[in-house]
Structure formats: structure tokens, C-alpha cells
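J.: what follows is a predicted structure for the sequence shown.
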Amino acid sequence: MTGGSWEADADGVEQAVRTGALPGWHQVETDVVDAYQRYRSRTSGIVADYIPTLADADPELFGISVAEVGGAVHVAGEADAEFSIQSISKAFVYAMVCDELGHHLVRERVGVNNTGLSFNSVIAIELNDGHPMNPMVNAGALATSALVPGATPAEQWERIRTGLSQFAGRQLELDGEVYHSEMLTNERNQAIARLLQSYGRIDGDPLDVVDIYTRQCSLKVSARDIAIMGATLADGGVNPVTGDRVVSPQVCRDTLSVLAATGMYERSGEWLFEIGLPAKSGVSGGIVAIAPGKGAIGTFSPRLDSAGNSVRGQRATAYLSRTLGLNVFASAAHPTEREGSR
Ligand code: GLN
């Protein structure tokens, strides 16, 4: 059964964790620059081209940003270069929908388990009796976007744009070229939406849902933006730069747990094993990794591995997770905290 048999008997008991802090400002600044220097010469991987416009991306671009829950933002390289957010949008639209509709409904409608298959898999839907499985693959993201409140698709789209802009702390704009390019070539997403409709998993017109979803994927962001968006999830739903509350702390917890299990597609287990942070990647080359209670790392570099994850972004995130002491499963104190701590 895809929904699992989890019993909600501990639901009334608050979930909380005691968290440490990031190293001091100078240390983070140095580590971010080091990560950039260390991996800028890596040229393995291939720029995505199944959305024709994405193939035009400059493969040399490489930007890194770390946003702290205290509001400090560190950058190295092309941290302000813009790219279409693509699948990273799935995490934030999911958070918005959870905030509106609640943990249980979204869990039942969209699911939280990994498919073990690629992000645009059709077979995963068939193998699971029409269940979209999780919000980070295309099927689940389409089902999630369909749940965004609004009387018309235009209202739903405006809601998404406003919500993602609140996460970023600035007004995000649509990349019209990417949107049109994807709309001309997204037969597969149209097929997925129709299949979900046939299983009663999408209300409304599936092509409208594909349109909204394609727009959300075409919003322009930078490594700095996704770091701030991630830091909002790390900060219990308050954007650490603007101070605005975007979603509730409970929604952040739910979103991060889904990201841990599914955010890096079929490589999510490997990612968690090596890096130990909930994260989300997109085919244009962005990755955001979130350290709950501490901050987030945003990286951008267009060359991807075979699962569609940025090669340099993964390396830089792995490095920063270690140097900054972010792995959520590590219990040894970070070297900068060791002196006099016991
Ligand atoms: N818009 C892209 C798609 O639907 C997003 C995929 C991704 O970033 N993995 O195929």
C-alpha cells in the first residue's frame, strides 16, 4: 500500500530537535570560497538538452551561496547568475500546499515514498496503482501543483509565483524562453498528467496543470536565491533576510523529511549517506541543501550526472557539509566546537 500503514498515535506530541550553530562568519566565508576554488576546474557531466533552451546554458558557470538563519549570506563565483529553477520549485510549492491543506491530506494525495526510478518515470505510476508516490518526481509535483488554491489556473499560477517569491525574498520573474521551449516539448509531462487523471489523482484539466507546473519550473533564480529559499525552510518558515513568515515550522519539518527521502531522485539514499542533508536539485544545474536550524547551501553549475544532478554542485555541497559540520546524522562535535566543550 503506497500510503503506508503509519499510525498517527503520536501526532499530538511535538517534534523538536536540539541543534548546534554554524561556525563563525569568517569561517563560513572562507569555506565557501574554498569550495569554489576546489571544484571550479571540474568539467565532467553534461548540460541537459531535453528542454531545448537549457542546452544554451554556459557550462562554465559556477556559483555557490550559503545563507544562514541569522540572515548572513555568503557567495562565491557566479552566485547571482540566473537560471530556471526547474525541479527545485517542487520543494517550495509542496511546502506552500502543505501549509494550505495540511500534512494528512497532502500525504494521502501525493505520498512521501521514493520511487527508486527517474524523475519523469511513467512506469512508477503504473507500478503503484496510479499513485504519484512523492512530490519531488514529476507525477507528484503535477499532483501537488493541481492542489494549489485558486479559482482559475491563472490564480493558481499567481499564488505559486507570490509564494516562491516570498521564499526568495524578492519578486521572481518567469523566463519566457524556457517556458515556451518546454511547453513545445513536454509531451511526457502531458502524458503523466493524463495518466494521473485516469486514476482520479488530478482534478481539473490536466493540461492546465502541466501549464502551471511548467511556469513554476521556469521561474528565474540564482544560487543566492535558492540558498535564501532553503534557509527559510531551515529557519522554521521565516525568511531570514526579510523576516517574513512564509510557512509554519511544521511544514518545514514535513518538507525537509520528504526532501531527504526523495529530493535527489533515485540517488537520494546515496546523497544522504554521503552528505547527510535534505536537498533538491533541478535539471538546469541548481541544488539546494538545507541544514535545519542552521542555514542552506545553494549551488549552480549546469553540467549534470546521469541522474540529472549537477556534478560540481554535489561536490561543493559535500565539501561544505563536512567543513561546516552540517550532516544531520553526525554526532561528533565540529572541530571548531571541540575545544573546551567537554
Ligand atoms: N521542468 C522539468 C521537467 O518537468 C523539471 C525536471 C527537473 O528539474 N528534474 O522535466
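T.: Noted; the coordinates are in hand.
J.: going forward, measure contacts between C-alpha atoms and count neighbours the same way
T.: Fine.
J.: give me the number of residues near the residue nearest to residue 40 when sequence neighbours are not counted?
T.: Nearest residue to residue 40 in three dimensions, chain neighbours excluded: residue 62, at 6.8 Å (CA to CA, 6 or more residues apart in numbering). Residue 62 has 26 neighbours, counted by other CA atoms under 10 Å.
J.: do the one 10 residues further on as well
T.: Residue 72 has 14 neighbours, counted by other CA under 10 Å.
J.: list the contacts for it?
T.: Counting by CA atoms under 8 Å, 6 or more residues apart in numbering, residue 72 touches 25, 241.
J.: 10 Å instead?
T.: 25, 28, 66, 228, 240, 241, 295 (CA atoms under 10 Å, 6 or more residues apart in numbering).
J.: work out for me the element the fourth one sits within.
T.: In the assignment (DSSP states H and E), residue 228 maps to helix 223-234.
J.: packing partners of the helix or strand that contains residue 27?
T.: Element membership for residue 27 (DSSP H and E) is helix 25-39. Counting by 3 or more CA pairs under 10 Å, 6 or more residues apart in numbering; DSSP states H and E, the packing neighbours recorded for helix 25-39 are strand 63-68, strand 73-77, helix 311-323.
J.: which of the ones you listed sits closest to residue 95?
T.: Smallest distance to residue 95 across the helices and strands packed on helix 25-39 (CA to CA): 18.9 Å, for strand 63-68.
J.: what mean pLDDT does the closest one get?
T.: Confidence over strand 63-68 (mean pLDDT, whole number) is 98.
J.: again with stretch 135-142
T.: 95.
J.: stretch 33-49 near the ligand anywhere?
T.: No: using CA under 6 Å from any ligand atom, stretch 33-49 stays clear of the ligand, coming no nearer than 9.4 Å.
J.: just the angle for whichever helix or strand comes after the helix holding residue 228 relative to helix 223-234, thanks.
T.: Sequence order places helix 249-262 as the next helix or strand after helix 223-234, per DSSP H and E. Angle, helix 249-262 to helix 223-234, by axes from the mean of the first three to the mean of the last three CA atoms, to 10 degrees: 120 degrees.
J.: surely residue 293 forms part of a helix?
T.: No: going by DSSP: H, G, I helix; E, B strand; the rest coil, the assignment for residue 293 is coil, not a helix.
J.: what does the model give it for pLDDT?
T.: 94.
J.: look up how far the ligand lies from the residue lying closest to it once chain neighbours are set aside.
T.: Nearest residue to residue 293 in three dimensions, chain neighbours excluded: residue 234, at 5.1 Å (CA to CA, 6+ apart). Residue 234 sits 22 Å away from the ligand, going by CA to the nearest ligand atom, to the nearest Å.
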